[in-house]
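>>> here's my sequence, what's the structure:
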Amino acid sequence: MLTCDICGKQYKNYIALSKHITMKHKVVIKDYYDKFLKKTGEGTCPNCGNPSSFISLSLGYNNFCSHKCVDLYYWNNEERRAKQSKLLSSIVTELWTIPEYKKKKVSQAHNQVMDSKSKFGNYYGMSYNLWYGKELMRSGWEIDFAKLLDQNNIKWEYEKHTFAYGEFNKYTPDFYLPEHDIFIEVKPLSMKNEIVLDKVYCVKSMYHKNIEVLDKSEFDDFIRRLIA
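This next block holds a predicted model:
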């Protein structure tokens, strides 16, 4: 049970308690949290010292003020970077030794390709790849991004640069834009998970490369920023 620190009334969940605080006591949730629940140092970004945003009564404040500060705080620490790289290597290696996991991922890849072939009938599909010009790409999303680059006369290279990280792993970004010295990883929003982002952050910090992970909804905004 959760107790209101103003009147002592109890509630089963944070939603009910929040509703009670705002409607009965006319108090803003952030103000209530600051007065009764906020811990020392909470709400302050440990990297830059700026305020972090308030989330909710149950979650409190964000730990950092921005994604940039997350990168700087964690990945400028060599010991943590090495630890995360080793952890990521072991996770990826262990997952692919599990038959059920491997079967699931292969099935997902097959379904994605079938979906891409149904949407992009003018592209020739081969195995789990799709042709765009002379390049054999891995998804319709990558083809969309390559087309957008071509339409804006932006030079690009596809899977030409590989980086070693951890003990056994290698990472090859999807695109390299030589005129801008930027690497691009194209991922559907559903696949922009912690493992993918950790891998990218690890390579960024080890090699000091500019790498961005984009889903399809971010393509246009990225191009506008690039050619502005």
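>>> show me the domain layout of this protein.
The chain breaks down into these structural domains: 2-71, 77-227 (assignment by automatic domain parsing).
>>> same list (those) but as CSV, adding mean pLDDT and mean neighbour count.
All C-beta atoms are positioned from the backbone trio N, CA, C, and that covers glycine. Listed next are the domains of the chain as CSV, based on pLDDT from 0 to 100; neighbours: other Cβ atoms under 10 Å:
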stretch, mean pLDDT, mean neighbour count
domain 2-71, 90, 14
domain 77-227, 78, 15
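>>> give me the element residue 27 is part of.
Following DSSP states H and E, one finds residue 27 outside all helices and strands.
>>> and the spatially closest residue to it that is not a sequence neighbour, how far from residue 4?
Nearest in space to residue 27, with sequence neighbours left out and distances taken as Cβ to Cβ, 6 or more residues apart in numbering, is residue 21 at 5.3 Å. In this structure, residue 21 lies at 7 Å from residue 4, with Cβ to Cβ, to the nearest Å as the measure.
>>> ok, residue 55 next?
20 Å.
>>> and if you look at residue 158?
If you go by Cβ to Cβ, the gap between residue 158 and residue 4 works out to 58 Å.
>>> and residue 223, by the same measure?
The gap separating residue 223 from residue 4 is 51 Å, by Cβ to Cβ.
>>> equivalent analysis for residue 144, please.
Applying Cβ to Cβ to residue 144 and residue 4 gives a distance of 52 Å.
>>> now do the contacts for the closest residue to residue 159 other than its chain neighbours.
Nearest residue to residue 159 in three dimensions, chain neighbours excluded: residue 172, at 5.1 Å (Cβ to Cβ, 6+ apart). Contacts for residue 172 were tallied using Cβ atoms under 8 Å, 6 or more residues apart in numbering; they are 159, 161-163.
>>> helices of the protein, residue ranges please.
Applying DSSP state H to the chain gives helices spanning 14-24, 29-36, 67-75, 78-95, 99-119, 140-151, 194-207, 219-227.
>>> then the first one to CSV, C-alphas only?
Translated: helix 14-24. In CSV, the C-alpha atoms belonging to helix 14-24 read as follows (Å, rounded to 0.1, in the frame of the first residue of the first chain):
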residue,chain,number,x,y,z
TYR,A,14,0.7,5.1,-7.9
ILE,A,15,-2.1,6.1,-10.4
ALA,A,16,-4.7,6.3,-7.6
LEU,A,17,-2.3,8.1,-5.3
SER,A,18,-1.4,10.6,-8.0
LYS,A,19,-5.0,11.3,-8.7
HIS,A,20,-5.7,11.8,-5.0
ILE,A,21,-2.8,14.3,-4.7
THR,A,22,-3.8,16.4,-7.6
MET,A,23,-7.6,16.4,-7.1
LYS,A,24,-7.9,16.3,-3.3
